[in-house]
Structure formats: structure tokens, C-alpha cells
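Participant: Coordinates for the following, if possible.
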Amino acid sequence: MEQPFQCILERARELGFIAAGFTRPGRPLFFKEFKAWLRAGMQGGMSWLENRLYLREDPSRLLEGCRTIICLAFPYPSKAPSTPEGYTVSRYAQPFEEDYHRRLRRKGRELVLFLETIFEGSRSRICVDSAPLMERSFAYSAGLGFIGKNNALIVPGHGSWVYLAEILTTADIAFPAVDPLKPRCGTCSRCIEACPTGALEAPNRINASRCLSYLSIEYKGEIPPEYGEKMGRCFFGCDRCQEVCPFNEGGVSGIPSLPPIREWLEMTEKAFQARFGPSALSRVSLSKLKRNIQVLTRRKNLGHNNGDGL
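Facilitator: Sure thing, here's the model as predicted:
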């Protein structure tokens with residue numbers, strides 16, 4: 001007869017999660033390093049990361065009576081959405097899919113309903129990249145994968161093209177102890193070498209203020225010219241450190257599925273919301289996306305010498 005933890009893992013696989021595991025609440029691994037990173041001012045303008053550190057230190061404060069954390073990884077495509085001219089957005093954005101926060105919460109609710117049939121009266125809280133929770137640390141503790149030098153969680157056999165989600169639950173699930181996977185990067189430093197701005201200063205050390213994902217999504221000011229020159233052809237986020245990872249597949253190829261660049265620059269807010277509002281792409285404003293595109297088009301002098309038609 002299957003144990004409850006086995007039934008939960010099987011149900012998670014049925015829901016499309018490619019990796020799942022269990023860990024206990026408590027001070028997460030790497031919490032000390034996270035605080036040191038904040039003290040060094042490496043978070044750029046993301047001051048909210050400093051808020052509610054007491055919750056990050058002990059996730060049981062997010063759910064009274066929490067006994068178990070179920071960690072989950074869900075895949076997204078390894079090819080980047082692209083405009084006809086070859087301009088891209090980060091793969092996780094999936095512009096024509098419902099925002100992953102909502103999709104994974106819905107799948108999480110199905111898993112919680114299943115959990116409640118086994119542990120009657122249990123209470124749960126679903127977290128998807130929103131609660132003050134050190135997701136990668138707990139996923140690592142639960143045995144889902146190892147942390148690469150680019151700070152991404154790498155799931156063996158799949159890579160780092162995954163969303164992470166957690167279910168905090170009062171259910172006291174018995175599960176076999178797992179040892180976190182040892183890093184498998186070895187002497188490889190492709191991600192560090194590929195980082196266009198040098199934001200990956202060393203293995204597992206990222207200066208967010210120089211990261212193109214931060215600058216193109218979180219940063220509210222004008223992108224400094226020296227960083228704009230490094231953006232390549234991506235106007236939302238940056239996947240460079242994942243594209244070169246030997247554990248990933250997909251390379252730098254794209255899937256032509258986005259409107260042409262001119263259409264983006266002429267798009268109204270109403271049209272943007274109608275077309276992309278339900279997706280993760282809407283986490284930034286249309287004006288910010290236009291800002292990013294203008295940085296790229298100015299740099300490449302589009303319409304004068306490369307036939308992009310602007």
C-alpha cells in the first residue's frame with residue numbers, strides 16, 4: 001500500500017509538476033547568506049526584499065501550525081517567444097498563456113483538495129513567487145535539484161526552465177529524509193562568462209543592480225546606456241545565464257509569436273491589456289516595455305540599415 005507522501009507525489013505528477021518533494025519549516029538554508037547579500041546592497045532598488053525578514057527566517061509564521069512544506073517545480077518552454085524581427089522576451093513570461101501565478105495556484109488548489117482527503121481538517125497555504133519565502137532554498141532542501149552558479153534551481157534531467165511553488169500545510173506528512181543534491185557545475189563557468197553586464201560577479205553572487213532582468217522589469221528609471229548596449233535583442237528580462245547552461249536545452253532559438261516591433265511601439269494600453277493582460281508579461285507597464293524597446297532600437301539604429309522597417 002502506498003504511503004501518503006507517495007500518493008501526494010503521484011498526484012503532483014498528474015497535475016504536470018516535473019519535480020516534487022517535502023521539507024520542514026524552519027530557518028532556510030542560505031538565510032545567513034541572503035542577509036549578507038542584503039547588507040552588501042546587492043538588491044538594487046528592490047527594497048521590499050528587506051521587509052519581513054522574520055517571515056523569511058521562519059515560514060511557519062506564514063501559516064500557524066505549519067508542519068510540512070511541499071515543494072513543486074513546473075516546466076515552461078525552453079524556446080523564447082520572438083517577434084518576426086527576432087526580438088524576444090524571457091521564456092517564463094509566456095505572453096499567450098495565463099499568468100503562471102494563477103495557473104500554479106489553481107494546480108496547487110487541486111493538490112490541496114487531494115491532501116485534505118488524506119489529512120482531514122488540515123489547513124494549507126499556496127505560495128507562488130509572492131510570499132516572503134526563500135523558494136529555491138526550500139526546493140533544494142526538498143531534493144528537487146541543486147543550485148547552479150547562476151543561482152537558478154537546476155532539476156536533473158530537465159534544467160532550470162521551471163516555475164517554483166510551495167504548499168505550506170498543517171498536515172504532518174511523514175516522508176523519507178533526503179540529502180540536498182550536491183552542485184554539479186564542477187569547473188564550468190559558462191553562466192558567469194555569458195552575463196553581459198558582469199552582474200554575476202562570482203559563483204552564486206549576483207549584483208541585481210546590474211542584472212538585465214532587474215533593469216528591464218523592476219527598475220523604474222532610464223536604463224543606463226552602458227547597460228542598454230548589453231541587452232541584445234531581449235526587451236523583457238534576460239535568459240543569457242540559463243541559455244548557456246549545459247543542463248538546459250533550447251539554446252537561443254526563438255518561436256516567432258510576438259507582434260512586430262513597430263506594433264509594440266504603436267500599441268495602446270487598452271490593446272496591450274486586451275492582448276497580454278492575463279499573462280505574466282503584464283507585470284510591467286506597456287510604457288516600460290516601450291522604454292526597453294526604444295533602448296534596443298536606438299542602439300541598433302533600426303530602419304536605417306537592417307530592414308526591420310521602423
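
Participant: pLDDT weak spots in the chain?
Facilitator: 1, 250-253, 299-310 (pLDDT under 70).

Participant: can you do 80?
Facilitator: Applying pLDDT under 80 to the chain picks out residues 1, 249-254, 298-310.

Participant: which other helices and strands contact the longest helix seen in it?
Facilitator: Scanning the chain for the longest helix, with DSSP state H as the assignment, gives helix 100-118. Using 3 or more Cβ pairs under 8 Å, 6 or more residues apart in numbering; DSSP states H and E, the elements in contact with helix 100-118 are helix 4-14, strand 68-75, strand 124-127, strand 162-169. Every residue, glycine included, has its C-beta placed from N, CA and C.

Participant: could you redo the ones you listed as a markdown table and give each row distance to Met267?
Facilitator: Shown next, in a markdown table, are the helices and strands packed on helix 100-118 (distance: least, Cβ to Cβ, whole Å):
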| stretch | distance to Met267 |
| --- | --- |
| helix 4-14 | 38 |
| strand 68-75 | 29 |
| strand 124-127 | 33 |
| strand 162-169 | 27 |
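
Participant: thought Phe5 was touching Phe22?
Facilitator: Yes. The criterion here is Cβ atoms under 8 Å, and Phe5 meets it with Phe22 at 6.3 Å.

Participant: who touches both of the two?
Facilitator: Here Phe5 and Phe22 have Ile173, Phe175 as joint contacts, going by Cβ atoms under 8 Å, 6 or more residues apart in numbering.

Participant: Compare those two (neighbour count), which wins?
Facilitator: Higher neighbour count among Phe5 and Phe22: Phe22, with 23 against 18, using other Cβ atoms under 10 Å.

Participant: which residues touch the nearest residue to that one once chain neighbours are set aside?
Facilitator: Closest residue to Phe22 apart from its sequence neighbours, by Cβ to Cβ, 6 or more residues apart in numbering: Phe175 at 4.2 Å. Shown in contact with Phe175 (Cβ under 8 Å, 6+ apart): Phe5, Gly21, Phe22, Thr68.

Participant: which one of those is nearest Gly86?
Facilitator: Closest approach to Gly86 among the contacts of Phe175 (Cβ to Cβ): Gly21, at 38.4 Å.

Participant: Surely the closest one is within a strand?
Facilitator: Yes. Assessed by DSSP: H, G, I helix; E, B strand; the rest coil, Gly21 belongs to a strand.

Participant: was I right about it contacting Thr68?
Facilitator: No. Gly21 is not in contact with Thr68 according to Cβ under 8 Å; the separation is 10.7 Å.

Participant: Thanks a lot, see you next time.
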